[in-house]
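Undergrad: Dropping the sequence and predicted coords here.
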Amino acid sequence: MTPSTIELPVTADDYRIARYAAAAIALSVAETALPSPLPGIKPGLANIIVLVVLARYGWRDAAWVSLLRVVAGSLVVGQFLAPGFFLALAGALCSLAVLAAAQHLPPRVFGPVSASVLAAFAHIGGQLLLARAWLVPHDGVFYLLPLFATAALLFGSINGLVAARLLAAPSTESPTP
């Protein structure tokens with residue numbers, strides 16, 4: 001039996017998603033160097049990239065960028081399959097679900113800032129629910145909700161404003177790799 005190779009065609013969409021995912025991974029890794037007042041409170045800078053991709057290319061591409069960021073970012077920082085990876089994955093999946101549902105809202109209501117705030121609340125909600133179910137089997141974990149909700153509102157608003165600013169700038173992306 002001779003060995004066979006499978007060749008998958010690489011499209012311009014694949015290159016575009018890879019570029020955006022690389023930017024999101026870089027922001028995610030850089031964010032780990034930032035001091036945090038409390039574990040779990042981070043600005044979520046990579047979500048700016050996800051919001052830009054969502055607005056320009058749709059939910060499918062944004063989901064790819066978000067999930068690639070979680071998996072590859074955890075591999076780079078040495079957290080793959082650690083509790084932090086699963087918390088990040090739960091947060092990303094919840095925020096993607098909320099973004100998918102919120103896309104059906106009228107555009108005058110659903111812009112980058114509202115999308116970012118909704119995604120931030122969903123992200124922290126998913127993380128808290130997983131932490132309660134798996135890591136801290138006690139309702140005391142929900143005492144952190146006001147602190148996390150405040151951080152989600154603050155960072156979600158800031159990230160949404162940055163994403164809106166980036167979306168308002170003309171795109172300089174080249175169509176081919």
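TA: Arrived safely, thanks for sending. Numbers count the residues shown, from 1 in each chain.

Undergrad: For the helix or strand in which Leu130 is found, enumerate the helices and strands it packs against.
TA: Element membership for Leu130, per DSSP states H and E: helix 112-130. If you count contacts as 3 or more C-beta pairs under 8 Å, 6 or more residues apart in numbering; DSSP states H and E, helix 112-130 packs onto helix 46-57, helix 83-102, helix 145-168. Just so you know, the C-beta spots here come from the backbone N, C-alpha and C atoms, and that holds for glycine as well.

Undergrad: who wins for proximity to Thr2 among those?
TA: Closest approach to Thr2 among those is made by helix 83-102 (39.1 Å; C-beta to C-beta).

Undergrad: can you list contacts of that closest one?
TA: Contacts to helix 83-102, defined as C-beta atoms under 8 Å, 6 or more residues apart in numbering, come from residues 40, 47, 54, 59, 62-63, 66-67, 69-70, 73-74, 79, 110, 114-115, 118-127, 129-131, 134-135.

Undergrad: Kindly report the same for stretch 156-175.
TA: Counting by C-beta under 8 Å, 6+ apart, 12, 16, 43-45, 47-48, 51-52, 55-56, 111-121 sit against stretch 156-175.

Undergrad: and with 6 Å instead?
TA: 44, 47-48, 51-52, 55, 112-113, 116-117, 120 (C-beta atoms under 6 Å, 6 or more residues apart in numbering).

Undergrad: how about these in TSV, adding neighbour count, distance to Glu31 and pLDDT?
TA: Output for the contacts of stretch 156-175, formatted as TSV (neighbours: other C-beta atoms under 10 Å; distance: C-beta to C-beta, whole Å; pLDDT from 0 to 100):
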residue	neighbour count	distance to Glu31	pLDDT
Gly44	24	8	92
Asn47	31	10	95
Ile48	24	11	97
Leu51	26	16	96
Val52	22	17	96
Ala55	16	22	93
Pro112	22	19	93
Val113	18	20	95
Ser116	29	16	96
Val117	18	19	97
Ala120	28	14	97
